[in-house]
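K.L.:
Take a look and give me a structure for this.
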Amino acid sequence: MAGELTVLALAGVLLMVHIFAAIHVKTQQYGRDWNMGARDETLPPPSPVAGRLSRAQANFLETLPLAIIGLAGVVIAGKAGPVTVLAGWVWLVARAVYLPLYWAGIPKIRTLVWGVGLVALLVPLGVLLFG
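P.N.:
This is a model prediction of the structure:
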């Protein structure tokens, strides 16, 4: 299997980590009845940690389609190679590091790590478009 596809499969696992981390903290705040209910009621604002985890999840969901397009795209187009695999791994590691940084509320390093992940995503997209 192409390394880019391994990265995408692991990105699916990381997405589940995002989902379960956010819902776990929200359930701690709002209770099991909320978690198992229709969630129609008006709630107080989330705690700072619950808010950060929800935003980290939303941010991951914003970049995941770009990773899918770039990494799967180079595989489908026959343009995959060591550079695109490395870029995929850099993106995945950056996204894995991003979550605990956001969870802990560490602002500037978190943004730097996000930027590393974004630059890594530009590599397969660039190869797909221009390579």
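
K.L.:
which ones are touching Leu118?
P.N.:
Leu118 makes contacts with Thr63, as judged by CB atoms under 8 Å, 6 or more residues apart in numbering. Every C-beta, even on glycine, is put in place using the N, C-alpha and C of the backbone.

K.L.:
Make residue 1 into 14 and carry on from there
P.N.:
In the new numbering, first residue 14, that becomes Leu131.

K.L.:
Let me know the average pLDDT across the helix or strand where it lies.
P.N.:
Using DSSP states H and E, Leu131 maps to helix 120-143. Across helix 120-143, pLDDT averages out at 97.

K.L.:
In this protein, what residue spans correspond to helices?
P.N.:
16-43, 45-49, 61-80, 86-89, 95-117, 120-143 (DSSP state H).

K.L.:
and those as TSV, adding distance to Thr55?
P.N.:
As requested, the helices of the chain are exported to TSV (distance: least, CB to CB, whole Å):
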stretch	distance to Thr55
helix 16-43	11
helix 45-49	11
helix 61-80	16
helix 86-89	42
helix 95-117	26
helix 120-143	30
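
K.L.:
Count the neighbours of Val103 for me.
P.N.:
The number of residues packed near Val103 is 17, by other CB atoms under 10 Å.

K.L.:
contacting residues for the closest residue to Thr40 other than its chain neighbours?
P.N.:
Nearest residue to Thr40 in three dimensions, chain neighbours excluded: Asn48, at 4.4 Å (CB to CB, 6 or more residues apart in numbering). When contacts are counted by CB under 8 Å, 6+ apart, Asn48 touches Ile36, Lys39, Thr40.

K.L.:
ok, Ile82 touching Leu138?
P.N.:
Yes: using CB atoms under 8 Å, Ile82 makes contact with Leu138 at a distance of 7.0 Å.

K.L.:
between the helices of the chain, which has the poorest average model confidence?
P.N.:
helix 45-49 (a mean of 90).
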